[in-house]
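Student: Here is a sequence with its predicted model. Questions after.
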Amino acid sequence: MGDDEVRELRGLLAGVEGAVRAVGAELAARRPQGPSPVSTLAQARARFAALDGPASAELRARLGPLCPGAGWVDGELEGTVPAGGAWWLCDATDGAVQYLLGLPQWAVTATLLRDGAAVLAVVHAPQLGATYRAVRGGGAELDGRPIAAVERELAATVAGTSQPPLVSRDPVALRRAGASLSAMAGAVPAVRNLGPTSLQVAQVGSGHLGLFWEFGPDAPNLLPGALIAAEAGATVTDAAGAAWTPVADGFLAAAPGLHARALPLLRRID
């Protein structure tokens, strides 16, 4: 990426962050003080739609003028993103399960894609007081400060993981997820699922998590954090060690040395 494009993208950051923060503040003001009293999947979906619909519409209205001509990716659960052109990939309530339960681990995300790759990303967690942002070729920041992935031994690493929304429909990904959890849990002191995938991968970039891995295609949730982690110096690959792409069915992000130690655990899964 050329210097001119990096400068252009950095010029967009303040506007994108402002839009994300505004939507996050409104959602935080309306968040439940305790677990939402829903007991069925249909009730949870209805409650989510009532909150996420207006928030998504506001985010779209705020971001649209910043990059005229960029499309809007719909259907997060589909797991795919457009391969060409400029697109906004956003999630007004990333971590909706936590949000509805009154937990603080949720975020508002905005990612600009160009030709299928993330070039700008903001991940804002209002209740955690954390805002990650990055542009391709321009580094990554947490709350305005540069960040860097941290090298650790596996024996001193807290690992994060999650499951794509539709992993239960993919028996191969489901088997890999279970096998990799056993393998990783035997090598690190703790494995955690700390909320939204985008936020956990960004936390690898800041060193709050040592590594994050996942099995199954999950491009919409991985793209924002993957850009932030990579720009913070983390190695980002698929589960076999090849360069990660939005169509990959596995993911691993960690500081380079730690990545090299963790990768064999995932390679042995098959």
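Tutor: Sure, I can see it.

Student: just the strands in the stretch 1-150 of the chain please.
Tutor: For the stretch 1-150 of the chain, the strands defined by DSSP state E, counting those that start in this stretch cover 71-72, 86-94, 107-114, 117-125, 130-135, 140-142, 145-146.

Student: Actually, the stretch 151-270 of the chain.
Tutor: Counting by DSSP E, counting those that start in this stretch, the strands of the stretch 151-270 of the chain are 158-161, 190-192, 211-215, 235-237, 250-254.

Student: Now those in JSON lines, please, with extra columns for distance to residue 74.
Tutor: All C-beta spots, glycine's among them, are computed from the backbone N, C-alpha and C. JSON lines is the format used below for those (distance: least, Cβ to Cβ, whole Å):
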{"stretch": "strand 158-161", "distance to residue 74": "27"}
{"stretch": "strand 190-192", "distance to residue 74": "31"}
{"stretch": "strand 211-215", "distance to residue 74": "22"}
{"stretch": "strand 235-237", "distance to residue 74": "25"}
{"stretch": "strand 250-254", "distance to residue 74": "23"}
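
Student: any chance of the ones you listed in TSV, with mean neighbour count, mean pLDDT and distance to residue 118 too?
Tutor: Below are those laid out as TSV (neighbours: other Cβ atoms under 10 Å; pLDDT from 0 to 100; distance: least, Cβ to Cβ, whole Å):
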stretch	mean neighbour count	mean pLDDT	distance to residue 118
strand 158-161	22	98	19
strand 190-192	14	97	24
strand 211-215	29	96	16
strand 235-237	23	98	11
strand 250-254	28	97	13
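
Student: mind listing what residue 129 touches?
Tutor: Taking Cβ atoms under 8 Å, 6 or more residues apart in numbering, we find residue 129 in contact with residue 143.

Student: buried residues in the biggest helix by length in the chain?
Tutor: Secondary structure of the chain per DSSP state H: the longest helix is helix 3-29. Buried residues in helix 3-29, defined by neighbour count with 16 or more other Cβ atoms under 10 Å: 6, 9, 12, 13, 16, 17, 19, 20, 23, 24, 26, 27.

Student: Out of the strands of the stretch 151-270 of the chain, flag the one nearest residue 263.
Tutor: Set against residue 263 and scored by Cβ to Cβ, these come closest in strand 250-254, at 6.3 Å.

Student: re earlier: residue 260: which of the strands of the stretch 1-150 of the chain is closest?
Tutor: With Cβ to Cβ as the measure, strand 140-142 is the member of those nearest residue 260 (21.0 Å).

Student: For the longest helix of the chain, what does the pLDDT average out to?
Tutor: In this model, helix 3-29 carries a mean pLDDT of 93.

Student: That helix packs against which elements?
Tutor: On a contact count with 3 or more Cβ pairs under 8 Å, 6 or more residues apart in numbering; DSSP states H and E, helix 3-29 meets helix 41-63, strand 86-94, strand 107-114, strand 117-125, strand 130-135.

Student: closest to residue 164 out of those?
Tutor: It's strand 86-94; of the helices and strands packed on helix 3-29, that one is closest to residue 164 (Cβ to Cβ) at 13.3 Å.
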